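Novice: here is the input, now give the coordinates:
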Amino acid sequence: MTQPDTTEPNDSSLEDFVADSDTGGRLPKDAFGRNALWYIPLFWSLYQLWIASPLPFILGVGVWNDTQTRAIHLGFAVLLAFIAFPGLKNSPRHHIPIATWVIAIIGALASSYLFYAYSGVAARSGAPNTLDVAVAAVGIVLLMEAARRSLGFPLMGVALFFLAYVFFGSWSGLPDVVQWKGASLNKAMSHMWLTTEGVFGVALGVSSGFVFLFVLFGALLNQAGAGNYFLKLAFASLGHLRGGPAKAAVIASAATGLISGSSIANVVTTGTFTIPLMKKVGFPSSKAGAIEVSSSINGVLTPPVMGAVAFLMTEYVGISYVEVVKTAIVPAAISYIALVYIVHLEALKMNMPGTSRMHPVKFMLGAIFIIAISIVIAGGTLFLCGVIVDTAQSLLGGAATWTIVLGMAIAYVAAVRFAAKGPDLEMSLDSMQHLPPTREIFKTGIHYLMPILLLMYLLMIERKSPGLSAFWSTIAMLVILATQNPLKAFFRGQTDVAAQLRSGFADIAEGLIIGARNMIGLAAAMGVAGIIVGAVTLTGIGQVMAEFVEFLSGGNLLAMLFFVAVISIILGMGLPTTANYIVVSSLMAGVVVELGAQNGLIVPLVAVHMFVFYFGIMADVTPPVGLASFAAAAISKGDPLKTGFQAFFYSIRTALLPFLFIFNTDLLLIDVGPYQAVFIFIIATIAMLLFAAGTMNYFMVKSRLWESAALLLVAFTLFQPAFFLDRLQPEFETRASTEIFDLAKSAPENGSVRVRLTGENLNGDPIDARYLLPLGEVGAEGVDRLYDGAGIEFRSEDGALFVDNLNFGGPSEQLGIDFDWELVEVEVASERMPKELFYLPAFLLLGFVYMLQMRRKRKTTEGVPA
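Specialist: Residues are numbered from 1 along each chain as shown. A predicted model of the protein is given here:
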């Protein structure tokens, strides 16, 4: 067995790593510099709370349009990026040079230009003057430098590449396929800086309106002690199992992912405690770090926040936040369960001790049951809250709101009183090894769950906007920070209530500052991502990327998806989660949709965005840039590259999921009922566990090669039973194009028709692709349902149908359908056997492998603790 390494991480080096990557490594010793890095982030947080609140509209003060609020938001970010992050390794860290102040102020003024010069710029729309262009050019340069300081070179490098393409894309030395006409400085600067097509577009709007508040909410929750609470709870629940610290690391990272949008921050927050303990029970440095990295990456994929990508997805895909959460929940849950199982298999392979004798199958079934029950309890609680609120409003009318607030306050005070009966949780490595029982830990932090439930209630039940939901949840956190310690002191009969109250307000200020400083790099990244998005919309490079991927794949669908995945990982290297998603989705989502349609694969847009998001996130793991792996290696004292490759191996299950839900959208719960959703979750979980066992080459005992292959075959069959059914019976049968109107008329509510169209795109390239056209309300004629739902009309010529009219901005136009394309045929679902029949031979094969391995296990080993 590997000898445990008891080397503990160096706290100061970890703090420097986090500061350099998240909050800024400059720590001025002079009073002016310290005050600047205290008050400016504080004012930024207060500004964001102000514009999110109803107060500006009530008081009639500080009411600005979205573009102006985005400009101020970016101005704060650029200013802080220069003064908080040293420009070079040898730049001073203990004072802020005068030159830096000058550049920072110029950058802030250029970034906030649309705030104080908005009316003039709007009046000159499309015809910028010299000052506009100069400010835009300076602003873009300093914004990219701010991103380089706060995030490193990769994002700046990608932006420079796209800017170079904007200005020099017409160079004759480039291949014809990638050439475009080029843009003048005036046109490019106007597009990038003076409109909402570039820097001040959707991404920065989401950053200013939603993301900041969620990051602030997470910072306040962590400042209150919730992060430590979740970590201790996970260790108390799982630490006694075989490889318990590693299993606890997985669960703790899942909980931390609820309040953190950064995989790096997640690694450092939980890894400081989990990695040394994993090493002490026998995990090598590289594996201990890799487990923490894989866990933290999954935290970003887990609803409700998903590194703020959930809110961007609502804007880009055009679906509700609830729909985004619904599509993300099953892949995230089964991926976490599989990672716990991988950890368990590693512990078995290394023969690690444990105090529990729970059978591994019972353990995994118990884990699935606990997760399912937790989801049911959380959903039931939210539903019950909705019933209570509705009842109160019907009975009390206008007084209902204050009554509900009073009820919440009473519940909060009762929860704090319950917590005060026990000692507060310590936050140290030594305390992790001598934890009280789980029930004792649980009662110390029940009040931390209340703002999280409030957030979920406002988002899921009340369907409030993400910004408003995060605002009220943040206000609840401010109340908790101010009152939890004074209330505990009061209930414990202590005399320092006033001192605890002052300490609470100090915690509030610290949380507001930390939240703002955590946003510096993210806001800069949103702005720079806007440059890339602007370049894509200005040059049409998205079509070039589609042609490039089609050329590489030779038209093969699986090869196309593989190359899109690789390109997504490359584009995501070194980028923060949110910027990563913006860049990758802007370039690659359209590629998957277009090439998929040409191969007969119609994929919902949300599935495509989830695909590129998952692979973009994999860049945080993948060497040579994997920042999360470097963070874990700094704690474990292991080799960063070895840690990264090990983490990538553990994360193969995460890389498998996007391919699966592209071909089987049931995994995303698209058009799936509640009972079917439960069935899908159970089957998908079993399949993912078998995939993990197959890749780890260990099931009940060490697997033979053919047994691992059999487990992978069973997993594939459970994930994609339609693959085998399609070989026996075709999924669709074709009908004549002229039947489309009858089929559209008879389709059910929220139905659609699947059509095959041929024609030419704007470049003259031939198109032969399939599309899913949504239909309007039931009862209308087929022609009307097609136009109301899909925004398309057909004309008849010599017995053939051609696209005659497209509703501008409608679904058909957004799908890329063009005028005069011919409707070749309509496809309808075939009547065939249920695909679930293929589960039977899969489970029989699984049973055969299980019996063989259990026979070997009984012959060679005695039972040991699980």
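
Novice: do you know how far the nearest residue to Ser812 once chain neighbours are set aside is from Thr758?
Specialist: In space, and not counting its chain neighbours, Ser812 is closest to Ile792: 4.1 Å by CB to CB, 6 or more residues apart in numbering. (Each C-beta comes from the backbone N, C-alpha and C, glycine too.) Noted for Ile792: a distance of 15 Å to Thr758, by CB to CB, to the nearest Å.

Novice: what does Ala647 give?
Specialist: 46 Å.

Novice: of these two, who's got more company?
Specialist: Ala647 (30 against 13; other CB atoms under 10 Å).

Novice: contacting residues for that one?
Specialist: Residues near Ala647 by CB atoms under 8 Å, 6 or more residues apart in numbering: 289-291, 293-294, 297, 621, 626, 628-629, 632.

Novice: same question, Gln500
Specialist: Gln500 neighbours (CB under 8 Å, 6+ apart): 485-486, 488-489, 494.

Novice: now for stretch 773-792, what's the gap between its first and last residues?
Specialist: One end of stretch 773-792 sits 9 Å from the other (CA to CA, to the nearest Å).

Novice: got a list of contacts for it?
Specialist: By CB under 8 Å, 6+ apart, stretch 773-792 touches 740-745, 747-755, 793-794, 803, 805-807, 809-813, 817.

Novice: which pLDDT value goes with Leu453?
Specialist: Residue-level confidence at Leu453 comes out at 84, pLDDT.

Novice: picking up where we left off before, okay, the contacts of Ala647 in JSON lines with secondary structure next?
Specialist: Formatted as JSON lines, the contacts of Ala647 follow (DSSP: H, G, I helix; E, B strand; the rest coil):
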{"residue": "Gly289", "secondary structure": "helix"}
{"residue": "Ala290", "secondary structure": "helix"}
{"residue": "Ile291", "secondary structure": "helix"}
{"residue": "Val293", "secondary structure": "helix"}
{"residue": "Ser294", "secondary structure": "helix"}
{"residue": "Ile297", "secondary structure": "helix"}
{"residue": "Val621", "secondary structure": "coil"}
{"residue": "Gly626", "secondary structure": "coil"}
{"residue": "Ala628", "secondary structure": "helix"}
{"residue": "Ser629", "secondary structure": "helix"}
{"residue": "Ala632", "secondary structure": "helix"}
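
Novice: farthest pair within those residues?
Specialist: Of all pairs drawn from the contacts of Ala647, the one with the longest distance (CB to CB) is Ile291 and Gly626, at 14.5 Å.

Novice: these two: which has the busier surroundings?
Specialist: Ile291 (32 against 27).

Novice: I'd assumed Val343 was in contact with the more buried one.
Specialist: Yes - between Ile291 and Val343 there is a contact at 6.0 Å, judged by CB atoms under 8 Å.

Novice: can you pull the residues that touch both of those two?
Specialist: 246, 250.

Novice: hang on, the earlier thing: nearest to Phe838 among the contacts of Ala647?
Specialist: Nearest to Phe838 among the contacts of Ala647, with distances taken as CB to CB, is Ser294, at 30.4 Å.

Novice: what ranges do the strands span in the protein?
Specialist: 732-736, 752-760, 766-774, 792-797, 800-806, 822-829 (DSSP state E).

Novice: looking at those strands, which is closest to Ile446?
Specialist: strand 766-774 (45.1 Å).

Novice: circling back: just the buried members of the contacts of stretch 773-792?
Specialist: 740-741, 743-745, 747, 751-755, 794, 803, 806, 810-812, 817 (16 or more other CB atoms under 10 Å).

Novice: what's the burial count for Ala790?
Specialist: If we define neighbours as other CB under 10 Å, then Ala790 has 27 of them.

Novice: separation between the closest residue to it other than its chain neighbours and Asp424?
Specialist: Leaving aside its chain neighbours, Ala790 sits nearest to Leu773 (3.9 Å; criterion: CB to CB, 6+ apart). Separation of Leu773 from Asp424 (CB to CB): 60 Å.

Novice: who has more neighbours, the two?
Specialist: Leu773 (23 against 15).

Novice: now for the closest residue to Leu459 other than its chain neighbours: which residues touch it?
Specialist: Spatial nearest neighbour of Leu459, chain neighbours left out: Ser469 (4.8 Å); criterion: CB to CB, 6+ apart. Taking CB under 8 Å, 6+ apart, we find Ser469 in contact with 455, 458-459, 462.

Novice: from the residues you listed, which is closest to Val608?
Specialist: So of the contacts of Ser469, ranked by how close each gets to Val608 (CB to CB), first place is Leu459, at 23.6 Å.
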